[in-house]
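**Student:** coords please:
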Amino acid sequence: MTVFLSILGALGVGGVIGVLVTQVMTNRREITNRRVAFKKQQLEQFYGPLLAAHKEIRSRSELRVKLENALDSAHTEDMFRSGPSRVEAASNPHVSAIATNVQDENQTFREVLMPRYRQMIDIFRDKLWLAEPETRKFFQQLIEFVDVWDKILTEKLPRTVAVAINHTEKNLAPFYEHLEQVHDRLQSEVS
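**Tutor:** Numbering: from 1, shown residues only. Below you'll find the model as predicted:
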């Protein structure tokens with residue numbers, strides 16, 4: 001009988017230890033799952049959409065520069081080929097194309113790029129709780145960039161003020177780099 005009781009006692013202690021170990025392991029797994037779920041949420045609702053908007057803006061801006069360079073290059077080549085006596089005739093079709101392209105790019109800036117910047121502000125404001133602390137400091141820069149452009153586009157502020165305050169998208173470069181780094185880090189942590 002004593003052997004039976006000592007076996008039961010050993011099984012009881014072993015059972016309690018087994019339950020405790022199982023509970024600790026389950027808790028750790030749940031904590032890890034919650035962390036991964038939060039990081040996925042950060043990626044899907046904050047960093048991913050912000051990075052996508054930035055990539056779209058950058059792609060369209062790079063295309064604008066590429067087209068402007070191609071138009072300028074074609075214009076210059078035609079003028080050299082035409083010779084001094086025909087510069088005006090060679091220049092006419094390009095001047096029209098350049099002017100049309102400038103108008104089109106201005107429209108794209110107003111109707112596509114500025115709404116994308118505003119969308120970035122909306123994401124930031126609505127999903128700030130998903131932003132990492134070091135990301136939050138960029139919110140003010142983004143708002144300032146958009147607000148100044150809004151004032152310029154509505155002619156409430158002359159463009160010369162933008163130059164005077166060094167208002168350029170280059171000021172957002174650290175934000176864009178940070179977005180990409182955090183996005184990539186979160187993505188690798190989730191996978």
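
**Student:** after the strand or helix carrying I123, next one along is what?
**Tutor:** Element membership of I123 [criterion: DSSP states H and E] is helix 114-126. Counting by DSSP H and E, the next helix or strand C-terminal to helix 114-126 is helix 133-136.

**Student:** Tell me which helix or strand the spatially closest residue to Q119 that is not a sequence neighbour sits in.
**Tutor:** Closest residue in space to Q119, ignoring its immediate chain neighbours: A53 at 5.8 Å, by Cβ to Cβ, 6 or more residues apart in numbering. C-beta coordinates here come from the backbone N, C-alpha and C atoms, glycine included. Assigned by DSSP H and E, A53 falls within helix 48-82.

**Student:** So what's the model's average confidence on that helix?
**Tutor:** Averaging the model's pLDDT scores along helix 48-82 yields 83.

**Student:** just stretch 182-191 next, same as before
**Tutor:** For stretch 182-191, mean pLDDT rounds to 95.

**Student:** From L71, how far off is the most centrally placed residue in the chain?
**Tutor:** Nearest to the geometric centre of the chain sits L51, at 2.4 Å (Cα atoms, centre = their mean). Distance, L51 to L71, using Cβ to Cβ, to the nearest Å: 30 Å.

**Student:** Spatially nearest residue to F145 (excluding sequence neighbours)?
**Tutor:** Leaving aside its sequence neighbours, F145 sits nearest to L172 (Cβ to Cβ, 6+ apart; 5.9 Å).

**Student:** what's the neighbour count on V65?
**Tutor:** 10 (other Cβ atoms under 10 Å).

**Student:** picking that back up, please verify my assumption that the residue nearest to the centre of the chain contacts H178.
**Tutor:** No - with contact defined as Cβ atoms under 8 Å, L51 does not reach H178; the gap is 10.3 Å.
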